[in-house]
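Trainee: What would the 3D arrangement of this be:
(one chain, ligands or ions: 1)
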Amino acid sequence: SKGEYRHFMLKEIYEQPAVISAALEGRLSDTGVLVESFGPEAAALFARTRQIHIIACGTSYHAGLVARYWLERYAGVPVQVEVASEYRYRYPVVPEGTLFVTLSQSGETADTLAALRYAKTLGYIGALGICNVPGSSLVRESDLTLMTRAGPEIGVASTKAFTTQLVALMLFTLALAKCRDKAPLSADEQTKIVQALKTLMPICQQVLALDSEIETLSQAFAEKHHTLFLGRGAHYPIALEGALKLKEISYIHAEAYPAGELKHGPLALVDSEMPVISVAPNDDLLEKLKSNLQEVRARGGELFVFADENVGIHAQDGIQVLHLPHIHEALAPLLYTLPLQLLSYHVAVLRGTDVDQPRNLAKSVTVE
Ligand code: F6R
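Mentor: Predicted structure coming up:
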């Protein structure tokens with residue numbers, strides 16, 4: 001039941017602190033990830049992994065795109081990420097030592113399952129499935145599995161299933177880094193990320209407490225027809241996910257771009273009728289992002305920035321800023337997802353759409 005909440009989506013957004021800790025439960029020591037969480041064969045398979053191909057659809061694909069930044073940076077493994085409906089109809093080249101990874105909340109998405117079955121004929125060293133539904137086809141057909149433990153998700157627009165996928169993918173990154181000889185992640189850094197994972201629950205709660213401020217911001221979007229989401233690095237996929245959520249439930253056209261691409265085309269769209277949303281965590285791309293935001297401002301674009309409280313981005317004419325608590329850089333994509341979910345939710349409520357059952361969409365896409 002929805003309990004005190006008006007919609008399942010809102011309830012599921014609020015469940016995130018709890019399900020994120022469930023996703024971590026019993027899988028961490030004080031200094032690292034317990035690799036056995038992926039199954040008894042995981043350590044041997046991860047030690048042999050030289051490349052990774054990640055295949056998924058929709059929101060799960062966005063989780064895969066975030067993971068690429070993590071896996072390359074911390075585990076030092078080259079990663080390709082692709083939507084299942086494209087992958088299954090091409091002739092992929094599989095270098096020696098490549099691990100195949102599927103991400104699916106339902107474990108029944110037709111294209112993702114077809115991609116997994118196809119991959120089995122292509123010479124991968126194994127298939128890892130990251131999934132929310134125990135006993136699903138994807139889980140049964142994968143060599144290794146990690147359950148995301150988000151619990152049932154009723155709202156068609158995925159929220160907690162996405163953030164728990166990110167948790168699972170961070171665990172995968174750390175496990176891989178641990179099993180490989182030459183991973184860039186030092187033991188010290190590994191410990192810091194593990195400690196940061198353990199503080200995720202209270203930090204997510206602090207972000208959810210910003211709900212009424214986000215609801216106020218949402219009023220600026222209710223009458224708009226187009227929006228632009230910007231991010232850099234691992235926050236580019238978070239911008240993609242923010243745009244997808246807004247499209248799905250409010251039916252407002254939303255596009256996401258890596259902020260550095262602005263001047264290669266999309267800047268032409270920016271005017272006072274097109275709000276621009278940006279996520280600005282405290283990372284080494286911040287200065288570049290700030291100058292992209294100036295470019296938007298100079299064209300009269302109205303900016304909405306979700307920024308780390310320490311980065312010195314403050315509200316001014318045409319720029320509204322919501323400050324988020326500081327978090328370890330590696331986990332920022334997870335945290336910055338939350339305000340974008342709430343923003344879409346409130347915009348949809350203002351527009352009077354069917355938040356939990358958006359038109360034309362099904363929760364589980366079991367046909368091609
Ligand atoms: C959007 C959403 C979808 C799914 C996609 C794949 O909010 O949930 O984009 O992510 O249909 O589904 P799964 O993850 O079950 O394979």
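Trainee: Give me the pLDDT value at the nearest residue to P92 once chain neighbours are set aside.
Mentor: In space, P92 comes closest to L122 once its chain neighbours are excluded; the distance is 6.6 Å by CB to CB, 6 or more residues apart in numbering. Bear in mind the C-beta positions are built from the backbone N, C-alpha and C, glycine included. What the model reports as pLDDT for L122 is 97.
Trainee: so when I look at L122, I'm seeing a helix, right?
Mentor: No: counting by DSSP: H, G, I helix; E, B strand; the rest coil, L122 is not part of a helix but coil.
Trainee: Could you report the neighbour count for it?
Mentor: Neighbourhood size, L122 [other CB atoms under 10 Å]: 13.
Trainee: For D188, the count of nearby residues, please.
Mentor: 8.
Trainee: before we move on, what about the one 10 residues further on?
Mentor: Residues near K198, counting by other CB under 10 Å, number 13.
Trainee: Relative to the ligand, which residue of this protein is the closest?
Mentor: For the chain, the residue closest to the ligand is G58, as judged by CB to the nearest ligand atom, at 1.9 Å.
Trainee: For that residue, give me its contacts.
Mentor: S158, L244 (CB atoms under 8 Å, 6 or more residues apart in numbering).
Trainee: confidence score at it?
Mentor: 97.
Trainee: now it: how far from F100?
Mentor: 19 Å (CB to CB, to the nearest Å).
Trainee: Ok, R351 next?
Mentor: Distance from R351 to F100, by CB to CB: 40 Å.
Trainee: between those two, which one's more packed in?
Mentor: Between R351 and F100, F100 has the larger neighbour count (other CB under 10 Å), namely 27 against 16.
Trainee: quick one, phi/psi of the residue of the chain closest to the ligand?
Mentor: phi 60, psi -130 (degrees, to the nearest 10).
Trainee: all helices of the stretch 101-250 of the chain, in order?
Mentor: Taking DSSP state H, counting those that start in this stretch to define them, one finds helices in the stretch 101-250 of the chain at 110-119, 137-141, 160-179, 187-198, 200-208, 211-218, 235-250.
Trainee: again with the stretch 251-368 of the chain
Mentor: Going by DSSP H, counting those that start in this stretch, the stretch 251-368 of the chain shows helices at 286-298, 332-351.
Trainee: what sits against the spatially most central residue of the chain?
Mentor: Nearest to the geometric centre of the chain sits A63, at 4.0 Å (CA atoms, centre = their mean). Neighbouring residues of A63 by CB under 8 Å, 6+ apart: A56, L103, F162, Q165, L166, L169, P237.
Trainee: how does it look with 7 Å?
Mentor: A56, L103, F162, Q165, L166, L169 (CB atoms under 7 Å, 6 or more residues apart in numbering).
Trainee: Quick check: closest non-adjacent residue to the last one.
Mentor: Going back to what we said before, that points to L169. In space, L169 is closest to A67, 4.0 Å off (CB to CB, 6+ apart).
Trainee: That neighbour contacts A168, correct?
Mentor: No: using CB atoms under 7 Å, A67 makes no contact with A168, being 9.2 Å away.
Trainee: residues shared between the contacts of these two?
Mentor: By CB under 7 Å, 6+ apart, no residue touches both A67 and A168.
Trainee: Tell me the residues of the stretch 151-300 of the chain that contact the ligand?
Mentor: Contact residues, the stretch 151-300 of the chain versus the ligand (CB under 6 Å from any ligand atom): A157, S158, E248.
Trainee: In this structure the second one contacts T59, no?
Mentor: This points to S158. Yes: applying CB under 7 Å as the test, S158 and T59 come out as touching, 4.5 Å apart.
Trainee: what about these two, which has more around it?
Mentor: The neighbour comparison of S158 against T59 (other CB under 10 Å) goes to S158, with 27 against 21.
Trainee: What's the local residue count around E223?
Mentor: With other CB under 10 Å as criterion, E223 counts 10.
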